[in-house]
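Enquirer: Give me a 3D structure for the following:
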Amino acid sequence: MKRSLPEPVQIVKERRDAALRDLIAGVPYIQFLGMQFDRRGDELTGILPFSEKLIGNPILPAIHGGVTAAFLEVTAVVSLSWAYLWDDIEGGTLVTEDASQRRLPKTVDFSTDYLRSGLPRDAYARARINRKGRRYASVHVEAWQDNRARLFAQGTGHFVMPQRRD
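Expert: Residues are numbered from 1 along each chain as shown. Take a look at the predicted model:
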């Protein structure tokens, strides 16, 4: 039995990067906030580059609470979608579809804990999937700015997963 050679690493990276671009292109709010995602293997980090439009309280100044909650929730949805699509991406069986047609998990509930004010600088978030089934998922997200150990917000969400197209 002859073993096939593994794909060149550049091909794998290009496929993963294209899948992530397609995924986030289907969410206009990501572009509005200016969010980005850094991919390292199967792990994503949400990045919210600082912009004056994100400030809710100019006296402090502090990032608006709604922006913070949206940043956490979007990071959870994109991370969950990425995990959902991972096997298809890796197997080369991901069907590219119009980004606007991509079905994303639907939020059942999302709670945000504001631990301190979000300062006027870049913010980062990472999601941990606690449970991912065919129909339901639970995700915890943590956000920080300068120091990963010093969170400024965290959130927990429950989501209905999209049904797979067979």
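Enquirer: pLDDT averaged over stretch 109-128, what's the number?
Expert: Averaged across stretch 109-128, the pLDDT comes to 97.
Enquirer: buried residues in it?
Expert: 110, 112, 117-118, 120, 123-127 (16 or more other C-beta atoms under 10 Å). Bear in mind the C-beta positions are built from the backbone N, C-alpha and C, glycine included.
Enquirer: a markdown table for those, including distance to residue 162 and secondary structure?
Expert: Shown next, in a markdown table, are these (distance: C-beta to C-beta, whole Å; DSSP: H, G, I helix; E, B strand; the rest coil):
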| residue | distance to residue 162 | secondary structure |
| --- | --- | --- |
| 110 | 17 | strand |
| 112 | 24 | strand |
| 117 | 35 | coil |
| 118 | 31 | coil |
| 120 | 36 | coil |
| 123 | 28 | strand |
| 124 | 27 | strand |
| 125 | 22 | strand |
| 126 | 22 | strand |
| 127 | 17 | strand |
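Enquirer: between those residues, which is nearest residue 156?
Expert: Using C-beta to C-beta, residue 110 is the member of these that sits closest to residue 156, with 7.3 Å.
Enquirer: wait, the closest one sits on residue 140?
Expert: No: under the criterion of C-beta atoms under 8 Å, residue 110 is not in contact with residue 140, lying 10.9 Å apart.
Enquirer: Between those two, which contacts overlap?
Expert: 155-156 (C-beta atoms under 8 Å, 6 or more residues apart in numbering).
Enquirer: Next, residue 7: phi, psi?
Expert: Main-chain torsions, residue 7, degrees, to the nearest 10: phi -60, psi 150.
Enquirer: how near is it to residue 13?
Expert: 10 Å (C-beta to C-beta, to the nearest Å).
Enquirer: any common contacting residues for the two?
Expert: Joint contacts of residue 7 and residue 13 (C-beta under 8 Å, 6+ apart) do not exist.
Enquirer: ok, now which ones touch the closest residue to residue 63 other than its chain neighbours?
Expert: Closest residue in space to residue 63, ignoring its immediate chain neighbours: residue 118 at 3.3 Å, by C-beta to C-beta, 6 or more residues apart in numbering. Residue 118 makes contacts with 62-63, 67-68, 143, 145, 152-153, as judged by C-beta under 8 Å, 6+ apart.
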